[in-house]
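K.L.:
generate coordinates for the sequence data below:
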Amino acid sequence: MSSLVDLPNELLLLIHSEIDEYDLLTHVCYLQLCSRTRACYARSPPRFWRRLARTHGLGLSRMEEDTELVWRKVAVECAEHVWVCQHPECGEQRLKENREAMDKAILQWEDLDCEETIVHDEVWDGTDPGGDNTPSTLFLHIDFNSAFPCVEDSESKRSKGILKCAFLKATPPVAYRTSDLVEYHPVALRTFATFPPMAMMDTYDPKHYDSDGGLQIRNPDGVTVYDVLIAFSEVMSFNMTSKNLRLLMDYTPPRNFFPKTWTVADVLQATPVVGSWFQLTHWQGFVQEEPTLFSCVFEPKQLPNDVREHINMYKAKTKR
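P.N.:
Next up, the predicted model:
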């Protein structure tokens, strides 16, 4: 019995021409089928893989070179991950949500020739008028253990460290596994931080609620979830000040959300560093304050009556 790869080149080219131009998974599958199907992509339109990846809300890290070869690598990497990933907040479901978010952004920003801006040439830099930039829903599903990278570490070491303490959490929550670390989920890491993607994003994180400045995140190809996490690695291990803690409590309704059994000493013990706040609350991602300025949003969550149970829970996650 003959197979698809036994077909003549003319039919393979015909099949290739019938694949939807935005069907990332099918294009990657066809690319890798055999050398003759791979040859069908030798004359792809300029920036074909870039457009395909960005249409699905996937970007480069700021350290990667913006070339078509790199974009094809991104497409292949993410497609291969989708085929095996079982996490409900990554894999095919995340790819679908990204595509829907990009489609919505294109409709919302159509007055700015947005399809070209979003998926082909440049990202929005915050200087033009238009609609809101919607933060990715992925941030609602990121949690952290206590293995925060040290602020005194090199940028390279911090970058690796933050990926070993950030987890993708499921809904409803389940026990964390090593496979839940974000470093094993390229689709999640490459997801744009906002839709449409932005070249610059300034954020008020727990450390900067009491200051005029915040973290400045830059990526000319569009800020990604990975870029945000790398920026957070700079502040997660900073000591939590009483002023920071008070401001955070004021910004997180209801204000009295610690268990009644917790003393002031318990609260201070549970919040030694900035990253501890992400463990005490549900991080709800960001809200847009100004064109390029975003604030972290936190909501209270149910905490155990014994502070030691809470602390030990995150220590256990660190050891997984």
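K.L.:
quick one, what contacts the most centrally placed residue in the chain?
P.N.:
By C-alpha atoms, centre = their mean, the mean C-alpha position of the chain lies nearest to V225, the distance being 2.6 Å. Taking C-beta atoms under 8 Å, 6 or more residues apart in numbering, we find V225 in contact with 136, 138-139, 142, 182, 188-193. Every C-beta, even on glycine, is put in place using the N, C-alpha and C of the backbone.
K.L.:
nearest to E18, out of those residues: which one, please.
P.N.:
R190 (27.7 Å; C-beta to C-beta).
K.L.:
pull out the buried members of the contacts of V225.
P.N.:
Among the contacts of V225, those that count as buried by neighbour count (16 or more other C-beta atoms under 10 Å) are 136, 138-139, 142, 182, 188-193.
K.L.:
if we can go back for a sec, among the contacts of V225, which are located in strands?
P.N.:
Using DSSP state E to define strands, the subset of the contacts of V225 located there is I142.
K.L.:
redo the contacts of V225 as JSON lines? Include distance to C29.
P.N.:
Formatted as JSON lines, the contacts of V225 follow (distance: C-beta to C-beta, whole Å):
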{"residue": "S136", "distance to C29": "26"}
{"residue": "L138", "distance to C29": "25"}
{"residue": "F139", "distance to C29": "30"}
{"residue": "I142", "distance to C29": "29"}
{"residue": "V182", "distance to C29": "25"}
{"residue": "A188", "distance to C29": "21"}
{"residue": "L189", "distance to C29": "22"}
{"residue": "R190", "distance to C29": "19"}
{"residue": "T191", "distance to C29": "21"}
{"residue": "F192", "distance to C29": "24"}
{"residue": "A193", "distance to C29": "28"}
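K.L.:
out of the contacts of V225, list just those in helices.
P.N.:
Counting by DSSP state H, the part of the contacts of V225 found in helices is 188-190.
K.L.:
pLDDT weak spots in the stretch 51-200 of the chain?
P.N.:
Where the stretch 51-200 of the chain drops to pLDDT under 70, the residues are 109-131, 171-176.
K.L.:
show me where it has helices.
P.N.:
With DSSP state H, counting those that start in this stretch applied, the stretch 51-200 of the chain shows helices at 68-84, 91-108, 114-119, 155-162, 186-190, listed in chain order.
K.L.:
what's the longest one packed up against?
P.N.:
The helices and strands touching helix 91-108, judged by 3 or more C-beta pairs under 8 Å, 6 or more residues apart in numbering; DSSP states H and E, are helix 48-55, helix 68-84, helix 114-119, strand 134-135, helix 186-190, strand 194-195.
K.L.:
off-centre distance for that helix?
P.N.:
Distance, stretch centre to chain centre, for helix 91-108: 13 Å (C-alpha atoms, centre = their mean, to the nearest Å).
K.L.:
before we move on, what about the shortest one?
P.N.:
Here helix 186-190 is found 6 Å from its chain centre; the criterion is C-alpha atoms, centre = their mean.
K.L.:
mind saving the C-alpha coords of that helix as PDB?
P.N.:
Written as PDB, here are the backbone C-alpha positions of helix 186-190 (Å, rounded to 0.1, in the frame of the first residue of the first chain):
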ATOM      1  CA  PRO A 186       7.700  26.700  25.500                       C
ATOM      2  CA  VAL A 187       4.200  27.600  24.300                       C
ATOM      3  CA  ALA A 188       3.500  29.300  27.600                       C
ATOM      4  CA  LEU A 189       6.900  31.100  27.800                       C
ATOM      5  CA  ARG A 190       6.600  32.400  24.200                       C
END
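K.L.:
on contacts alone, who are the packing partners of it?
P.N.:
For helix 186-190, the contact count by 3+ C-beta pairs under 8 Å, 6+ apart identifies helix 68-84, helix 91-108, helix 225-232 as packing neighbours.
K.L.:
go through the first one and flag the buried ones.
P.N.:
Along helix 68-84, the positions that meet the burial threshold by neighbour count (16+ other C-beta under 10 Å) are 71-72, 74-79, 81-82.
K.L.:
how about the longest one?
P.N.:
Along helix 91-108, the positions that meet the burial threshold by neighbour count (16+ other C-beta under 10 Å) are 91, 94-95, 97-99, 101-102, 105-106, 108.
K.L.:
in which helix or strand would I find M201?
P.N.:
Assigned by DSSP states H and E, M201 falls within strand 200-204.
K.L.:
next helix or strand past that strand?
P.N.:
Using DSSP H and E, the next helix or strand after strand 200-204 towards the C-terminus is strand 215-218.
K.L.:
noted, bye for now.
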